[in-house]
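In: From the sequence below, what's the structure:
(4 chains)
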2 protein chains.
Amino acid sequence: MARLKTTNDVFNAIAEPKRRALIEIIAGREMAVGDLVEETKWPQPAVSKHLAVLREVGLVTERREGRCRIYTIQPDKLRPIHEWIHQFEKYWGGALEQLETYLDSIQDKEDQR
Amino acid sequence: MARLKTTNDVFNAIAEPKRRALIEIIAGREMAVGDLVEETKWPQPAVSKHLAVLREVGLVTERREGRCRIYTIQPDKLRPIHEWIHQFEKYWGGALEQLETYLDSIQDKEDQR
DNA sequence: TGTATATATTCTTATATGGGTATATGATGC
DNA sequence: GCATCATATACCCATATAAGAATATATACA
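Out: Numbering: from 1, shown residues only, chains lettered A, B, ... in the order given. The predicted structure is shown next:
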């Protein structure tokens, strides 16, 4: 087997720095492809192809508006990664991180209710 | 250009599920390669090669002890990823996550002192 | 010195990439 | 219908895998 596809999961999708850059730019707002091309100064096909990967793993959604395609971030898709790393937080943490860990454990119980 | 090397950074290194599995197994203890082979039931060269990638990005360190090589995790190397995702947490959060974000901001100020 | 043990490295191969360029699709306005 | 704008897709290429099998390295021990 070769390396996993970039569209295999969110971990693989965000391994590419340019896709992380796109996520940072889109976060919290809605943007058309053209806006992203202007902001990044990358060739349009490059932007479209990276967006296609992010779309396939669900990190962004697309909505058509006339000729434009408006992209929106789905940040909750990053949560599995956050939680995967969270389990190792206790090994590097100072005092405040420990409190965080404690509060998370409370929340986990709440989520189970 | 092709895809970035798996050893390019921690993001690329942990994109492979088997490397994440290794990290989960080693976390919090010290293990020889043989222990990992036994635990995973993977072929020994596979384990060694995945460990080499983790080593190159600093996620594990190796110590020689007789014929064995003992591997230890360096969990703080995961921190940059945790912090990258942290900036998007506010977009998905419920009440307790907001508190977490607040506590983090306190801690950031503390770190700056 | 020779042998067994523990681990790393070297091949090979199938597969997937990201960049660049050209082209296709699709909506708008005349 | 036709030209134009906005975006996606197809093609080519150089590069990097991960798996498997075979082999090399290094240490311990008789």
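In: And stretch A:71-86, end to end?
Out: Stretch A:71-86 has an end-to-end distance of 29 Å (Cα to Cα, to the nearest Å).
In: got the buried residues for it?
Out: By neighbour count on 16 or more other Cβ atoms under 10 Å in any protein chain shown, the buried set for stretch A:71-86 is A:71, A:73, A:75, A:77, A:78, A:79, A:81, A:82, A:84, A:85, A:86. To be clear about C-beta, it is placed using only N, CA and C from the backbone, and glycine gets the same treatment.
In: Does chain B have contacts with that stretch?
Out: Yes. Stretch A:71-86 is in contact with chain B by Cβ under 8 Å from any Cβ of the partner chain, via A:73, A:75, A:76, A:78, A:79, A:81, A:82, A:84, A:85, A:86.
In: Check stretch A:31-46 too.
Out: No. Judged by Cβ under 8 Å from any Cβ, stretch A:31-46 stays clear of chain B, getting no closer than 11.2 Å.
In: How about residues contacting that stretch?
Out: Applying Cβ atoms under 8 Å, 6 or more residues apart in numbering or on different chains, the contact partners of stretch A:31-46 are A:18, A:21-22, A:25-26, A:47-48, A:51, A:65, A:68-71.
In: Could I get the full set of strands for chain A?
Out: Under the criterion DSSP state E, chain A contains strands at A:30-32, A:60-65, A:68-73.
In: Which residues of chain A lie near chain B?
Out: A:3-4, A:6, A:11-12, A:14-17, A:20, A:23-24, A:27-28, A:73, A:75-76, A:78-79, A:81-82, A:84-89, A:91-92, A:96-97, A:99-100, A:103-104, A:106-107, A:110.
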